[in-house]
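Chemist: Please work out how this folds:
(one chain, ligands or ions: 1)
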Amino acid sequence: MAGKKILVADDSREIRETLAQYVLRPAGYEVITAGDGVDALKSIREQTPDLVVADLQMPGLTGIQLKRALAIENNTTPVIIITAEGSESIASEATLAGVAGYLPKPIDPDVLLMAVRQALDSERLRRERALALQSLEKRVHQLETLQAVGRALTASLDIDQVLSRVVDAAVRLTGAEDGSLLLLDKHTGELTMRAARNFDDQFVRTFRIRTEDSLAGQVIRTGQPALFGANSPQKIKTAYLVHSLIYVPLRLHDKVIGVLGVDNRQTRRALSEADFGPLTALADYAAIAIENARLYAHTNAERSKLDTILQKTGEGVIVVDDSNRVVLINAAARAALNLPDTPVIGKPIPDVIHHADLRDLLTRPSSTQNRRAEIALDDNRVLNAHLTPIEGIGRAVVMQDITHLKQLDKIKSEFVTAVSHDLRSPLTAILGYVELMGRVGPINDQQKEFIRRVRISVNAITNLITDLLDLGRIEAGFDTQKEPANFPLVVRYSVEALAAKAEIKHQKLVVNLPETLPPVYANPVRLRQMASNLIENAIKYTPEGGTVSVSVFMDDDQQILTVTDTGIGILLADQPYIFDKFYRAKSVPDDITGTGLGLSIVKSIVENHNGRIWVDSKPGSGSTFVAVLPTHVESKAASPRG
Ligand code: ADP
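Modeler: Numbering: from 1, shown residues only. Model prediction:
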């Protein structure tokens, strides 16, 4: 406490001098004196002592009045009252006035020194508390401002607005006059002003400063904040005069992309390093806002690029979500389906897509095997629609126009049918003459063998032609004669007709056919041909002693035929093609003959009956062919047994 200044105010010169000379100065205090209350008040104002020892009864102002006068001026200098005529009422009055001590005369020096020390201590503590509170309040204010900027940052995508708020907050938090946010232009190496407070608009727009020789450039290069605080105005390389200035770096992924600055151009109040912290936090916000804006712009650009690609692509694209609502329909799809140019996003599929086959494909569960459909349009165009599940979104259908392929296919089929037809008569003639050869004269054994081979070959060609003609007829849609048919019964006929073939190969035929099922609406001859082809294949591609199982059952409103064998199976690579015309798997042994048309006929028949067919096969273990046909709707309602 030594070195503190104490004012002793008493109208008794003797007391003043005694206290100063013999008590306070020896204890290390500086002492000033006053002879009355008014003088004391003046001294306190002018010389700002740390403590006052005041007599109660003084001319001008009493000691207690002096304390009250100080309180009015918000002066908290502690006052110790000394008095010769103390009483309880005066003591309580003094306490109420807030004095720091109340001592009776004559003064005991030790007691006075103790009271002085205590009063100075508690005043010091009070000041420290007040300072701590002040800095706490400042901190809270800083945090509130930062929080507000943070909120603005998350709530707004308007980069200019966010950066303006950052600069405003920087000015407010530091108590500076002006603020600016400078960004580095990578191409020119110059800094431009992106946001500002208290700068002229024109100045902001045209502001450009080189990084090499400016203070802001130094911050960019070093990544360290900079404080310029000289008291005289001078031109530092900021393009304007300042008394004091702070720049903090704007960092993004360890790179400095600009600076946030505050300055005083008018007042000489110096800014301090204590402002680095909040300014750096604000600079971080600004950097995040800039990065967000960049990412947003990038995402937007990518999105519109994809959008343009999708809209301009020649193939129709429709995307629906898992609750069967439209997510996207591109221009090609709209044009193909003749959709009006009204908003469709979010609408249920049936409200938008009126084409039954396409609607059926779009609403089909993604687990369904057949994800392809041919969409015949009213204008005779045909689209090949392919369904693809998209995780997290729903399903997409891509549609290609295959009209020209369909036409080619039709021309080819017609040609094949015509040629096949014309080949039939000569073949019948060949077969007839071959039969006659033995009757018109003797033939040796070698000739007999040749005749046998000619007959086998002509039969193979005849089979091929029969298959081709069948296929041609089915594809051309000549088999429109349909009636309610008993599917299990038709399959039974096929099995019975082929049982002998299985017998020859010592194969086990396992048949599981219900007596009655509701009818399917079909051409029974074609249905039988379909079942026979599948069963014949099963027998043909299963080695001796194997098993062929045939079953028909009903699931929901569908009737399902399965033909399972324990034969050679089909390689995964061959499976997609076995229903194509003339396709025979390369792994088929040479001695198993065939035209490669059987499954094409099967597929055409199944599709002609609004059904589906697929194969499950494991090479070496066997195959299962599954054909699904819809139950005839009317008879299903009319009779449970068909
Ligand atoms: P093919 O006259 O050759 O039997 P298909 O059209 O009936 O012609 O069958 C096409 C191809 O599919 C066959 O060549 C064969 O490779 C394969 N395939 C058909 N059915 C079976 C089966 N049950 N087991 C193994 N492969 C089969």
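
Chemist: pretty sure residue 346 is touching residue 324, no?
Modeler: No - counting by CB atoms under 8 Å, residue 346 stays clear of residue 324, with 11.2 Å between them. (Glycine included, C-beta is placed from N, CA and C.)

Chemist: which of the two has more neighbours?
Modeler: A count of neighbours by other CB atoms under 10 Å puts residue 324 above the other of residue 346 and residue 324, at 14 against 10.

Chemist: Wait, that one touches residue 360, no?
Modeler: No - Residue 324 lies out of contact with residue 360 (CB under 8 Å); the separation is 11.9 Å.

Chemist: Quick check on residue 571: phi, psi?
Modeler: Main-chain dihedrals, residue 571, degrees, to the nearest 10: phi -60, psi 150.

Chemist: I'd like to know how far it sits from residue 422.
Modeler: As for residue 571, its distance to residue 422 is 37 Å (criterion: CB to CB, to the nearest Å).

Chemist: okay, those two: which has more neighbours?
Modeler: Neighbour count, other CB under 10 Å: between residue 571 and residue 422, residue 571 has more, with 15 against 10.

Chemist: where's residue 249, which helix or strand?
Modeler: Assigned by DSSP states H and E, residue 249 belongs to strand 244-252.

Chemist: Tell me which strands whichever helix or strand comes after that strand pairs with, and in which orientation.
Modeler: Where DSSP H and E defines the elements, the next helix or strand beyond strand 244-252 is strand 255-264. In the sheet, strand 255-264 lines up against strand 178-185 (antiparallel), strand 244-252 (antiparallel) (DSSP bridges).

Chemist: so the helix or strand following the first one versus strand 244-252, what angle?
Modeler: This points to strand 178-185. Past strand 178-185, further along toward the C-terminus, the next helix or strand under DSSP H and E is strand 190-197. Orientation note: strand 190-197 sits at an angle of 110 degrees relative to strand 244-252 (axes from the mean of the first three to the mean of the last three CA atoms, to 10 degrees).

Chemist: How far away from the center of its chain is whichever helix or strand comes after strand 190-197?
Modeler: Moving toward the C-terminus from strand 190-197, the next helix or strand (DSSP H and E) is helix 201-206. On the basis of CA atoms, centre = their mean, to the nearest Å, helix 201-206 sits 39 Å off its chain's mean C-alpha point.

Chemist: What's the first helix or strand after helix 201-206?
Modeler: Per DSSP H and E, the first helix or strand lying C-terminal to helix 201-206 is strand 208-210.

Chemist: and that next one, which strands flank it?
Modeler: Partners of strand 208-210, by DSSP bridges, with direction: strand 190-197 (antiparallel).

Chemist: Please export the C-alpha coordinates of the partner strand as PDB.
Modeler: Extracted in PDB, the C-alpha atoms of strand 190-197 (Å, rounded to 0.1, in the frame of the first residue of the first chain):
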ATOM      1  CA  GLU A 190      -4.600  -7.600 -56.200                       C
ATOM      2  CA  LEU A 191      -7.000  -7.100 -53.300                       C
ATOM      3  CA  THR A 192     -10.500  -5.800 -54.000                       C
ATOM      4  CA  MET A 193     -13.000  -4.600 -51.400                       C
ATOM      5  CA  ARG A 194     -15.900  -7.100 -51.200                       C
ATOM      6  CA  ALA A 195     -17.800  -5.500 -48.200                       C
ATOM      7  CA  ALA A 196     -17.300  -2.200 -46.300                       C
ATOM      8  CA  ARG A 197     -18.700   0.000 -43.600                       C
END
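
Chemist: In which helix or strand does residue 398 reside?
Modeler: Assigning secondary structure by DSSP H and E places residue 398 in strand 394-401.

Chemist: That strand pairs with which strands, parallel or anti?
Modeler: Strand 394-401 has these strand partners (DSSP bridges): strand 316-321 (antiparallel), strand 382-390 (antiparallel).

Chemist: Buried deepest among those strands, which one?
Modeler: Of all the strands paired with strand 394-401, strand 316-321 has the most neighbours on average by mean count of other CB atoms under 10 Å, namely a mean of 22.

Chemist: what's it in contact with?
Modeler: 310, 326-330, 332-333, 335-337, 349, 353, 358, 362, 383, 390, 393-399 (CB atoms under 8 Å, 6 or more residues apart in numbering).

Chemist: same thing but 7 Å
Modeler: 310, 326-330, 332-333, 336, 349, 362, 383, 393-399 (CB atoms under 7 Å, 6 or more residues apart in numbering).

Chemist: what about burial for the residues you listed, which qualify?
Modeler: 310, 326-330, 332-333, 336, 349, 362, 383, 394-399 (16 or more other CB atoms under 10 Å).

Chemist: Tell me which of the strands paired with strand 394-401 sits nearest to residue 23.
Modeler: strand 316-321 (92.5 Å; CB to CB).

Chemist: pLDDT averaged over that closest one - what is it?
Modeler: If you average the pLDDT over strand 316-321, you get 92.

Chemist: Report the distance from the strand holding residue 398 to the chain centre.
Modeler: Distance, stretch centre to chain centre, for strand 394-401: 23 Å (CA atoms, centre = their mean).

Chemist: any idea which helix or strand comes after it?
Modeler: helix 403-437.

Chemist: so that following helix versus strand 382-390, what angle?
Modeler: On the basis of the same axes, to 10 degrees, helix 403-437 is oriented at 110 degrees to strand 382-390.

Chemist: how far off helix 403-437 does the helix or strand just after helix 403-437 point, in degrees?
Modeler: Note on helix 403-437: by DSSP H and E, the next helix or strand toward the C-terminus is helix 445-476. If you take the same axes, to 10 degrees, helix 445-476 sits at 150 degrees to helix 403-437.

Chemist: which residue packs closest to the closest residue to the ligand within the stretch 1-150 of the chain, ignoring adjacent ones?
Modeler: Here the stretch 1-150 of the chain gets closest to the ligand at one residue, residue 150, 67.7 Å apart by CB to the nearest ligand atom. Closest residue to residue 150 apart from its sequence neighbours, by CB to CB, 6 or more residues apart in numbering: residue 285 at 6.3 Å.

Chemist: Then the one you found would be within a helix, right?
Modeler: Yes - under DSSP: H, G, I helix; E, B strand; the rest coil, residue 285 sits within a helix.

Chemist: Could you give the number of residues near it?
Modeler: 21.

Chemist: all helices for the stretch 251-400 of the chain, in order.
Modeler: Secondary structure of the stretch 251-400 of the chain (DSSP state H, counting those that start in this stretch): helices located at 276-312, 331-337, 349-352, 356-363.

Chemist: Which elements pack onto the first one?
Modeler: So that's helix 276-312. Contact here means 3 or more CB pairs under 7 Å, 6 or more residues apart in numbering; DSSP states H and E; on that basis helix 276-312 packs against helix 109-155, helix 159-174, strand 244-252, strand 255-264.

Chemist: Taking helix 276-312 as reference, get the angle to the first one.
Modeler: I take that to be helix 109-155. Going by the same axes, to 10 degrees, helix 109-155 makes 10 degrees with helix 276-312.

Chemist: The third one now?
Modeler: Taking the same axes, to 10 degrees, one finds strand 244-252 and helix 276-312 inclined to each other by 40 degrees.

Chemist: For the chain, which residues are neighbours of the ligand?
Modeler: 537-538, 541, 565, 567-570, 578, 583-585, 588, 594-600, 623 (CB under 6 Å from any ligand atom).

Chemist: ok so, going back, can I get the helices and strands packed on helix 276-312 in JSON lines including mean pLDDT?
Modeler: Output for the helices and strands packed on helix 276-312, formatted as JSON lines (pLDDT from 0 to 100):
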{"stretch": "helix 109-155", "mean pLDDT": "87"}
{"stretch": "helix 159-174", "mean pLDDT": "88"}
{"stretch": "strand 244-252", "mean pLDDT": "91"}
{"stretch": "strand 255-264", "mean pLDDT": "91"}
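
Chemist: how about low-confidence regions in the stretch 451-600 of the chain?
Modeler: 478-480 (pLDDT under 70).

Chemist: now the stretch 201-350 of the chain
Modeler: Those would be 230-240, if you go by pLDDT under 70 across the stretch 201-350 of the chain.

Chemist: list the contacts for the residue of it found nearest the ligand?
Modeler: Proximity of the stretch 201-350 of the chain to the ligand (CB to the nearest ligand atom) peaks at residue 315, 30.7 Å away. By CB under 7 Å, 6+ apart, the residues touching residue 315 are 332, 398-400.
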